[in-house]
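> Below is the structure, and that's it, no one-letter string:
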């Protein structure tokens, strides 16, 4: 049931987020530490994301496959950087059987059923996939391999938050194999571009694409590209990454191919992924103090219709008028819910659809029937108007498109208003505290300076934006020369 | 690459199956015992299954959700029968961290990171889901809950076979909660009917629906309904199950609801699932000694077009003729692959598409161009005919429908020819050995007799068919009275 008021963003942004997740019915905690239950309404949004992403992957020649959940412990050690990044906090399977407790208290682990080698629940699948690709690749004719998998993965995070950081999460991970460095690089660039397009056109979230600094790169990658989105508290959220892995995994798993010219070479690799974290980005980018605000393209219910009636006769009269509208809207591919429940009042329904972020809500009562009108309410602007019922379907179809654009523009304006070029480190330190946002600053390119900024301000270099122009400058911390501004921000 | 000949079904059915799985590119083993890699072509078929099943679930009011992969060990013990059935062979997570081996040999399990309570990788999710439903259900207004999840599950099977029995497999599990016994029973019946419809209309596999005997029931269920399909070796394959769980899980997790009348009652439950095992059924039901045979509705490629050409000029001329046909077929919703690779010969391509079970293959050469003809080959009958290219699209659309029907009819005829009514146990024992198939026999309804049959013949009571007519009879083993014939068979 919808509570009347959420904690406001201003009062406590983090609390506001948690309340929306709970009250919009998106997700909840579980008896297993750090693992969440994704509730039907939350999952319906994730499914819409999946469908569109899957379509975009297939349009660019990728195929889905499925690789094992469990990875032999020794595989993680095969790529030196990778083991540092991923072997630390992960779920370890050591036994394969339970037995009845001889003391009669439930079940206990059977000590006789110990695995020879422990298995890890995948934190990511490069190792198991490259051990498989070794069998698939002999010659240049076997390349490229363009595989994706939709899967659950697990990282034993100490501090978890719904969608943003959970021990188990759902994601897709693309793993591609190529004959040349150029082709692999082009693939990793293509995929970060697809992520950006998806974020902007579907999630209505503007993003900045760029390359990660050395220290923020994926464990085992030569380049990591990411899309960075700004949340309403000014913090950055990394919403998707695409990695150019060079020949690191091919070398670790000895995956070579015979070239056209008859030589033998290691295969070039990429991997790329987005996860249920996107749900967190979607919620935090658009929602307001009344609840979730969903872009129409990802809304499980695009139009909710609430009849205002006393008794069955009035409802029947309203239904007679509404049913053809529902049918026409559905024929146009619009998802509609006609909420004729008689055990909840209209006011409750209005608040509930507001909380759930339904883009358009229609209301119709006895007086509207007489006048041939209907009330149209927009979730994004919270405005209402009374319209003629005639040709209302076309109006709504256009309105949904307008809302999609408006939500994006609003987020973009906010984002642009909160990007600042800063050249003084003192000013930067002050601004990070008082007016968080994205900062474009000169940096000398060293890990030391990066760490200093992080330690002193908690802000990190989010990326070196692709579209950052070449300009002569001086590192705001050390004064050493710099040729490009980088994006620095507090981050989720 | 396609090998020229498969082991024939007659020679070695089991070997034939394994070779098809490998050579059609459906799946392969992995470095993790009992876990498989589902390859892109195999996964594309599974995706088609998923899409259709998901549609059928949603049309009957179900929603998708996602529940945690890991289950606290103690949860399994809460339902007495359930723990007996599922707690035995399962993957147990005992630790949550690895660390560098002080001896420098990779990573070892960190003994300091031992979980207080071990976690089990879900073998099925009744327990974690009913512990969650406790929070979702207070009143009759919260019912029914009609949730499904698509997920991976794990059962530590000792003897595994691709798709049929693997340690990790993919499935969907529906878990519903109801206010009344009648509604829950109706739900479990509805779902086994949906599975039957899917098997017959989409997989082209005829099935027999029925109830499991006491000893074959799901651990924790009051009724288990299943669909049983006959493979080409006469054995039965259980292709889907739907369970009426009574109030067992509600009692185990204390899930009560306030009724309309103001009393408090335990909630009624069902669960139902199909898995990647369906892939095994699909392969074994239809395929022949040339490879896979796919029903058009589940074929990732419905039509493969092979140009027969020498040089680019001929290919260009063929493409010019073929491209409009490809476009028209695609506009009709038919998936087409125009295979214009120049590094493989037509003969290789023909064999490969046969192995992969592509329903229709078109071939076109220089002579066809002149004559305005095209060769149409059917995978199900292995027949070919030369047709005029004019209106070929419509012909193909009809042909695909005809193939779908024909494959079903062929499987149905085979199945019907191998169902036998047997009244003498001696005859039964002989027939099970010599001509495996389905046997309809009278049984006295006792576990003892069921076990005796199983021990002496390896055959099991597959189900008590819904459509088995009432008739007076005598148990073929004990001579005790029986009112219905049951379905007995060897089984996968």
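Perfect, thanks for sending it. Quantities reported herein were computed from a predicted structural model and do not represent experimental measurements. Numbers count the residues shown, from 1 in each chain, chains lettered A, B, ... in the order given.

> State the mean pLDDT of stretch A:467-487.
For stretch A:467-487, mean pLDDT is 96.

> Just the closest residue of the stretch 201-350 of chain A to chain B, please.
Residue nearest to chain B within the stretch 201-350 of chain A: residue A:343 (6.6 Å; C-beta to the nearest C-beta). (Glycine included, C-beta is placed from N, CA and C.)

> Quick check: phi and psi on the residue nearest to that residue when sequence neighbours are not counted?
Leaving aside its chain neighbours, residue A:343 sits nearest to residue B:141 (6.6 Å; criterion: C-beta to C-beta, 6 or more residues apart in numbering or on different chains). When read as degrees, to the nearest 10, the backbone of residue B:141 gives phi -70, psi -20.

> For the stretch 201-350 of chain A, what lies in contact range of chain B?
Residues of the stretch 201-350 of chain A found near chain B (C-beta under 8 Å from any C-beta of the partner chain) are residue A:343.

> now the strands for the stretch 201-350 of chain A?
Using DSSP state E, counting those that start in this stretch, the strands of the stretch 201-350 of chain A run over A:207-211, A:223-230, A:236-246, A:256-258, A:264-266, A:268-275, A:303-307, A:336-338.

> need those strands in JSON lines with mean pLDDT, distance to residue B:195 and mean neighbour count, can you?
Output for those, formatted as JSON lines (pLDDT from 0 to 100; distance: least, C-beta to C-beta, whole Å; neighbours: other C-beta atoms under 10 Å in any protein chain shown):
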{"stretch": "strand A:207-211", "mean pLDDT": "98", "distance to residue B:195": "43", "mean neighbour count": "22"}
{"stretch": "strand A:223-230", "mean pLDDT": "98", "distance to residue B:195": "41", "mean neighbour count": "26"}
{"stretch": "strand A:236-246", "mean pLDDT": "97", "distance to residue B:195": "37", "mean neighbour count": "25"}
{"stretch": "strand A:256-258", "mean pLDDT": "98", "distance to residue B:195": "44", "mean neighbour count": "17"}
{"stretch": "strand A:264-266", "mean pLDDT": "98", "distance to residue B:195": "47", "mean neighbour count": "14"}
{"stretch": "strand A:268-275", "mean pLDDT": "98", "distance to residue B:195": "32", "mean neighbour count": "26"}
{"stretch": "strand A:303-307", "mean pLDDT": "98", "distance to residue B:195": "33", "mean neighbour count": "25"}
{"stretch": "strand A:336-338", "mean pLDDT": "97", "distance to residue B:195": "28", "mean neighbour count": "18"}
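
> and residue B:245, which of these is closest to it?
Smallest distance to residue B:245 across those (C-beta to C-beta): 30.0 Å, for strand A:336-338.

> Okay, now the sheet partners of that closest one, with direction.
strand A:303-307 (parallel) (DSSP bridges).

> Now find how far off-centre the partner strand is within its chain.
29 Å (C-alpha atoms, centre = their mean, to the nearest Å).

> hey, where'd the strands end up in the stretch 51-200 of chain A?
Using DSSP E, counting those that start in this stretch, strands in the stretch 51-200 of chain A cover A:63-64, A:70-72, A:92-95, A:98-100, A:107-109, A:114-121, A:145-154, A:168-178.

> how about the third one, does it reach chain B?
In this case it means strand A:92-95. Yes. Between strand A:92-95 and chain B, judged by C-beta under 8 Å from any C-beta, the touching residues are A:92-95.

> ok, residues contacting that strand?
For strand A:92-95, contacts defined as C-beta atoms under 8 Å, 6 or more residues apart in numbering or on different chains pick out A:70, A:73, A:109-111, A:113-115, A:118-121, B:91-98, B:109, B:121.

> Now do that strand: distance to the chain's middle.
Between the centre of strand A:92-95 and the centre of its chain there are 30 Å (C-alpha atoms, centre = their mean).

> now the contacts of strand A:92-95: which count as buried?
Among these, those classed as buried by 16 or more other C-beta atoms under 10 Å in any protein chain shown are A:70, A:73, A:109-110, A:113, A:115, A:118-121, B:91-98, B:109, B:121.

> Give me the residue at the spatial middle of chain A.
residue A:278 (1.4 Å; C-alpha atoms, centre = their mean).

> How much space separates that one from residue A:237?
9 Å (C-beta to C-beta, to the nearest Å).

> And whichever strand or helix holds residue A:408, what's buried?
Using DSSP states H and E, residue A:408 sits within helix A:392-417. Using 16+ other C-beta under 10 Å as the test for burial, helix A:392-417 gives A:392-393, A:395-397, A:399-400, A:403-404, A:406-408, A:410-411, A:414-415.

> what are the pairing partners of the helix or strand following that helix, and which direction each?
From helix A:392-417 onward toward the C-terminus, using DSSP H and E, the following helix or strand is strand A:419-421. Next to strand A:419-421 in the sheet, as set by DSSP bridges, lie strand A:438-442 (parallel).

> I'd like to check the angle between the helix or strand just after the strand it pairs with and strand A:438-442, please.
Note on strand A:438-442: by DSSP H and E, the next helix or strand toward the C-terminus is helix A:447-457. Helix A:447-457 runs at 140 degrees relative to strand A:438-442, counting by axes from the mean of the first three to the mean of the last three C-alpha atoms, to 10 degrees.

> And residue A:330, how far from residue B:60?
Distance, residue A:330 to residue B:60, using C-beta to C-beta: 18 Å.

> Residue A:395 now?
In terms of C-beta to C-beta, residue A:395 sits 33 Å off from residue B:60.

> For residue A:358, which residues are in contact?
Shown in contact with residue A:358 (C-beta under 8 Å, 6+ apart): A:294, A:299, A:301-304, A:337, A:379.

> typo on my end, residue A:211
Contacts for residue A:211 (C-beta under 8 Å, 6+ apart) come out as A:223-225, A:463-464, A:466.

> still on that earlier bit, could you name the helices and strands sitting against the helix holding residue A:408?
Helices and strands touching helix A:392-417, by 3 or more C-beta pairs under 8 Å, 6 or more residues apart in numbering or on different chains; DSSP states H and E, are strand A:223-230, helix A:277-286, helix A:311-331, strand A:360-364, strand A:373-378.

> mean confidence score for the second one?
Averaging pLDDT along helix A:277-286 gives 98.

> name the helices or strands packed onto that helix?
With contacts taken as 3+ C-beta pairs under 8 Å, 6+ apart, helix A:277-286 sits against helix A:13-23, helix A:40-59, strand A:223-230, strand A:236-246, helix A:392-417.

> Any chance of JSON lines for the ones you listed, columns distance to residue B:313?
Listed next are the helices and strands packed on helix A:277-286 as JSON lines, based on distance: least, C-beta to C-beta, whole Å:
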{"stretch": "helix A:13-23", "distance to residue B:313": "62"}
{"stretch": "helix A:40-59", "distance to residue B:313": "31"}
{"stretch": "strand A:223-230", "distance to residue B:313": "43"}
{"stretch": "strand A:236-246", "distance to residue B:313": "40"}
{"stretch": "helix A:392-417", "distance to residue B:313": "48"}
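
> Looking at these, which is nearest to residue B:457?
helix A:40-59 (45.9 Å).

> Looking at the buried residues of helix A:392-417, which is nearest residue B:349?
Closest approach between the buried residues of helix A:392-417 and residue B:349, by C-beta to C-beta: residue A:404, at 44.6 Å.

> so what's the closest one up against?
Residues in contact with residue A:404 (C-beta under 8 Å, 6+ apart) are A:204, A:295-297.

> so which pair among these is furthest apart in space?
Taking C-beta to C-beta, the two most distant members of those are A:204 and A:296; they sit 8.9 Å apart.

> mind listing what residue A:145 touches?
Residue A:145 makes contact with A:133, A:136-137, A:175-177 under the criterion C-beta under 8 Å, 6+ apart.
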